[in-house]
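J.: Let's see this in three dimensions:
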Amino acid sequence: MHDPQTGHAQGEARLEKIRIQFTLFSAFYSPLISTMSGGFLKAEGLDPEWSVSPPGVSAIRSLQDGTAHVVQSALSQGFGPLNEGRTPPVVHFAQVNEMDGFFLTARQADPAFAWKKLEGAEVVTFKGGQPHAMFKYACHKAGIDYGKLKLVCPGGPADIDKAFREGQGQYVHQQGPFPQQLQADGVGHVVAQVGPLIGPCGFSSLAATREWLKTDMAKAFIRAYRKTRVYMNEAPAAEVAKAEKPYFPRIDEKVLADCIATYQKLGCWTPHVEITPAAYERTLDVFEYNGQLKQRYPYEQVCARPPA
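T.: So this is what the prediction gives:
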């Protein structure tokens, strides 16, 4: 029976609306997507409403204007304000991915692929931001000359995918599930992952205001998120993909499962939610190498521990 006053079934607890915003939306961010698709937020009394920040607009802005409670972001977001001598307006309180989740896809299968093959080749990739900084650092770790790559930078993730499908580039640098869909469509073959060259790092994170982290909603969110991280490691990829499929209408469910299985094996979804000091330091290494840090900022200026 429904209560005509509230619209809720009698005896059903009223859910509190939690607004979540993604900077980029892909299967790489499955730990946050699965808080919704796996029912973990609902179990904690939270009703999620999600969005993706418009191109060129930081998701951080939605925290500042109160239109979001939690956003998927990156630790590097905090470096910009600090480089200008300002205190970042928000803090990063939990990790989403503890490893770079980008792939290199070639036109042909190449079991003997070596990073040296990128020198002199056309690579479709990002012009800037964290994907560019991490890729450049990975090339450094691979011992190749980044200056010898012929970069093709058409725009965002969809533009990059379209350019490669239309014949640009010998290689393409993308996050899942784009490479897995290219492979399923016979357009390309995944030849390498960027993550293992860099190692564990604070790649992507959850950010919020310090004020919100003191709320009961934040505590309920982190309870749901801790359970989701365990689920991400223990549930079969096919099960996670089936639940997430409505969020990815254009991606084949089998391709989504393949992508999720790859990320499970990569180890970017470690069960702990905390951003570790070691992962933070590696992120500093990457941005210091790229000349994008004025100094190595202390952990506490960018990160906070999850709510107790």
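J.: Tell me the pLDDT of A308.
T.: A308 carries a pLDDT value of 84.
J.: secondary structure element for the residue lying closest to it once chain neighbours are set aside?
T.: Residue nearest to A308 in three dimensions, not counting chain neighbours: K219, with 7.4 Å by C-beta to C-beta, 6 or more residues apart in numbering. For glycine as for every other residue, the C-beta is placed from the backbone atoms N, C-alpha and C. For K219, the host element (DSSP states H and E) is helix 216-234.
J.: Sort out which residues of that helix are buried, please.
T.: With burial defined by 16 or more other C-beta atoms under 10 Å, the residues of helix 216-234 counted as buried are 217-218, 220-229, 231-232.
J.: what's the answer for stretch 297-307, then?
T.: Y297, Y299, V302, C303, A304, P306, P307.
J.: before we move on, the earlier item: show me what the helix holding K219 packs onto, helices and strands only.
T.: strand 16-22, helix 30-37, helix 40-43, strand 46-52 (3 or more C-beta pairs under 8 Å, 6 or more residues apart in numbering; DSSP states H and E).
J.: tilt between that helix and strand 46-52?
T.: 80 degrees (axes from the mean of the first three to the mean of the last three C-alpha atoms, to 10 degrees).
J.: Quick one: list the elements packing against whichever helix or strand comes after helix 216-234.
T.: Using DSSP H and E, the helix or strand that follows helix 216-234 in sequence is helix 237-244. For helix 237-244, the packing partners by 3+ C-beta pairs under 8 Å, 6+ apart come out as helix 30-37, helix 253-266.
J.: lowest-confidence stretch among those?
T.: Looking at the helices and strands packed on helix 237-244, the bottom one is helix 253-266 with a mean of 94.
J.: how about it as PDB, C-alpha atoms only?
T.: In PDB, the C-alpha atoms belonging to helix 253-266 read as follows (Å, rounded to 0.1, in the frame of the first residue of the first chain):
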ATOM      1  CA  GLU A 253      27.300  -6.100 -22.700                       C
ATOM      2  CA  LYS A 254      30.000  -8.700 -23.500                       C
ATOM      3  CA  VAL A 255      32.400  -5.800 -24.400                       C
ATOM      4  CA  LEU A 256      31.600  -4.100 -21.100                       C
ATOM      5  CA  ALA A 257      32.200  -7.400 -19.200                       C
ATOM      6  CA  ASP A 258      35.600  -7.800 -21.000                       C
ATOM      7  CA  CYS A 259      36.500  -4.200 -20.000                       C
ATOM      8  CA  ILE A 260      35.600  -4.700 -16.400                       C
ATOM      9  CA  ALA A 261      37.400  -8.100 -16.200                       C
ATOM     10  CA  THR A 262      40.600  -6.300 -17.600                       C
ATOM     11  CA  TYR A 263      40.300  -3.600 -14.900                       C
ATOM     12  CA  GLN A 264      39.800  -6.200 -12.200                       C
ATOM     13  CA  LYS A 265      43.000  -8.000 -13.300                       C
ATOM     14  CA  LEU A 266      44.900  -4.700 -13.600                       C
END
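J.: And T215, how far from N290?
T.: Separation of T215 from N290 (C-beta to C-beta, to the nearest Å): 36 Å.
J.: Can you list the low-confidence ranges for the stretch 1-150 of the chain?
T.: 1-13 (pLDDT under 70).
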